[in-house]
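K.L.:
structure here, sequence nowhere to be found:
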């Protein structure tokens, strides 16, 4: 299935089971949410997961645009992305976690063709406050999947330090060569695919938990990872979703493979952030956007003569394709203007760094404290310093 067919299959499966389709919300998280950006499909639904009635009922499904920076240093590998789309289903005080698990396995196997032998489940193994999620474990085993119990750092979901939370049961798929080995907790070739969270508790500022007035189920599956495993390719960048970018950028800028992935991810993410009203600045959401663009520029200028390249060359059709994929309407000229203005500032910063570094560090050897000093005092990010030292 291509991207559009995959989305239609997912939402159609749940609509056939009484779920109402909801539209994607902005990346800008609602007032009171502790995160800068919507980073999971459940963020716009937080009040309803806590008990407020939703106008469309108790069963919902949809595709939510998300942006996460927690894995920023991992971007460039085969599976991590900054901006992505989250396929989701929700039960607001209706059916329970085991029903969600049964439907989930049915959809990935019968709907998307994943082999049951390549799947592994993890469940919450308990901590000092809450015991193991024995119902989730029992359900996966009844469905014929191997199960691993993990701690709260892996299998507990929370919206933030306070608010709705609960045990998380995750479906993983094997992406290595040959037959599966190890477990998701011991072998990184098991790719986390679909989270099924039972929202049971409210966490308070003192860390204590109290039961929610209703138990709900929140699931989230990254569209790009699903495409990767269902289209049988080695990375998310090899799916049809990224084809417009990978068919243009290699001939436009000739980046090396890792730089190509970073450019693709960061520029797509910047387009989506700009489309939701974010502009580069020195704080908050604007700083996230600035950091993405400066990391993209560092990747673009990597190598001899690279500094002659410019983001102003980004084709308008890539802006339109990305905005359309994320359910946005964005003028390509607006995006180009934002990119050009930020590039101009970063070029000035890079020129200052070329003059400063030889004077401060003639040996070219820097400590962690040196990198922090350059960042905090002169605004020189580590990626740029490393690139300038290597010129």
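P.N.:
Here it is on my side, so go on. Everything numeric here is computed off the predicted structure, so don't read it as measured data.
K.L.:
any weak-confidence spans in this protein?
P.N.:
Applying pLDDT under 70 to the chain flags residues 31-33, 303-306, 391.
K.L.:
what are the boundaries of the helices in it?
P.N.:
3-15, 46-49, 97-106, 134-142, 152-155, 223-230, 243-246, 249-253, 257-275, 284-300, 316-325, 332-360, 368-378, 382-389 (DSSP state H).
K.L.:
mind putting the ones you listed in a markdown table, distance to residue 70 and mean neighbour count included?
P.N.:
The way it works is simple: take the backbone N, C-alpha and C, and place the C-beta from them, glycine included. Formatted as a markdown table, those follow (distance: least, C-beta to C-beta, whole Å; neighbours: other C-beta atoms under 10 Å):
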| stretch | distance to residue 70 | mean neighbour count |
| --- | --- | --- |
| helix 3-15 | 25 | 17 |
| helix 46-49 | 19 | 20 |
| helix 97-106 | 24 | 20 |
| helix 134-142 | 24 | 18 |
| helix 152-155 | 13 | 17 |
| helix 223-230 | 16 | 23 |
| helix 243-246 | 23 | 16 |
| helix 249-253 | 25 | 15 |
| helix 257-275 | 13 | 24 |
| helix 284-300 | 11 | 21 |
| helix 316-325 | 22 | 18 |
| helix 332-360 | 23 | 15 |
| helix 368-378 | 19 | 12 |
| helix 382-389 | 17 | 17 |
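K.L.:
which one of those helices lies closest to residue 217?
P.N.:
helix 97-106 (4.7 Å; C-beta to C-beta).
K.L.:
neighbouring contacts of the closest one?
P.N.:
13-14, 17, 89, 91, 116, 119, 133, 135-136, 139-140, 143, 145, 169, 171, 194, 196, 198, 217, 219 (C-beta atoms under 8 Å, 6 or more residues apart in numbering).
K.L.:
including distance to residue 208, could the helices of the chain go into CSV?
P.N.:
Below are the helices of the chain laid out as CSV (distance: least, C-beta to C-beta, whole Å):
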stretch, distance to residue 208
helix 3-15, 34
helix 46-49, 19
helix 97-106, 23
helix 134-142, 23
helix 152-155, 15
helix 223-230, 35
helix 243-246, 47
helix 249-253, 50
helix 257-275, 36
helix 284-300, 30
helix 316-325, 42
helix 332-360, 44
helix 368-378, 36
helix 382-389, 39
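K.L.:
for residue 74, find the nearest of those helices.
P.N.:
Judging those by C-beta to C-beta, what sits closest to residue 74 is helix 257-275, at 10.4 Å.
K.L.:
any idea how far the closest one is from the chain center?
P.N.:
13 Å (C-alpha atoms, centre = their mean, to the nearest Å).
K.L.:
that helix vs helix 332-360, what angle?
P.N.:
130 degrees (axes from the mean of the first three to the mean of the last three C-alpha atoms, to 10 degrees).
K.L.:
what angle do helix 257-275 and helix 284-300 make?
P.N.:
Counting by the same axes, to 10 degrees, helix 257-275 points 150 degrees away from the direction of helix 284-300.
K.L.:
tell me which strands and helices helix 257-275 is in contact with?
P.N.:
strand 59-67, strand 83-91, helix 243-246, helix 249-253, helix 284-300, helix 316-325, helix 332-360 (3 or more C-beta pairs under 8 Å, 6 or more residues apart in numbering; DSSP states H and E).
K.L.:
need those in TSV with distance to residue 129, can you?
P.N.:
TSV is the format used below for the helices and strands packed on helix 257-275 (distance: least, C-beta to C-beta, whole Å):
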stretch	distance to residue 129
strand 59-67	28
strand 83-91	24
helix 243-246	45
helix 249-253	48
helix 284-300	32
helix 316-325	40
helix 332-360	45
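K.L.:
tell me which of those sits nearest to residue 386.
P.N.:
Nearest of the helices and strands packed on helix 257-275 (C-beta to C-beta): helix 284-300, 8.5 Å.
K.L.:
circling back: for PyMOL, what selects the buried ones among the contacts of helix 97-106?
P.N.:
One line in PyMOL is enough to select the buried members of the contacts of helix 97-106, burial here meaning 16 or more other C-beta atoms under 10 Å:
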select buried, resi 13+14+89+91+119+133+135+136+139+140+143+145+169+171+194+196+198+217+219
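K.L.:
quick one: the residue nearest to residue 262 when sequence neighbours are not counted and residue 382, what's the gap?
P.N.:
Once flanking residues are discounted, residue 262 sits nearest to residue 299: 4.4 Å by C-beta to C-beta, 6 or more residues apart in numbering. Per C-beta to C-beta, to the nearest Å, residue 299 is found 14 Å from residue 382.
K.L.:
just residue 104 next, same as before
P.N.:
40 Å.
K.L.:
what of residue 121?
P.N.:
38 Å.
K.L.:
over to residue 224?
P.N.:
Residue 224 is 27 Å from residue 382, by C-beta to C-beta.
K.L.:
can you check residue 185 too?
P.N.:
Counting by C-beta to C-beta, the gap from residue 185 to residue 382 is 31 Å.
K.L.:
equivalent analysis for residue 80, please.
P.N.:
19 Å.
K.L.:
show me what counts as buried in stretch 184-202.
P.N.:
So, applying 16+ other C-beta under 10 Å, buried residues of stretch 184-202: 184-185, 190-202.
K.L.:
quick one: which of those residues sit in strands?
P.N.:
Among the buried residues of stretch 184-202, the residues falling in strands (DSSP state E) are 190-202.
K.L.:
do you know which of the helices of the chain lies nearest residue 128?
P.N.:
helix 152-155 (9.4 Å).
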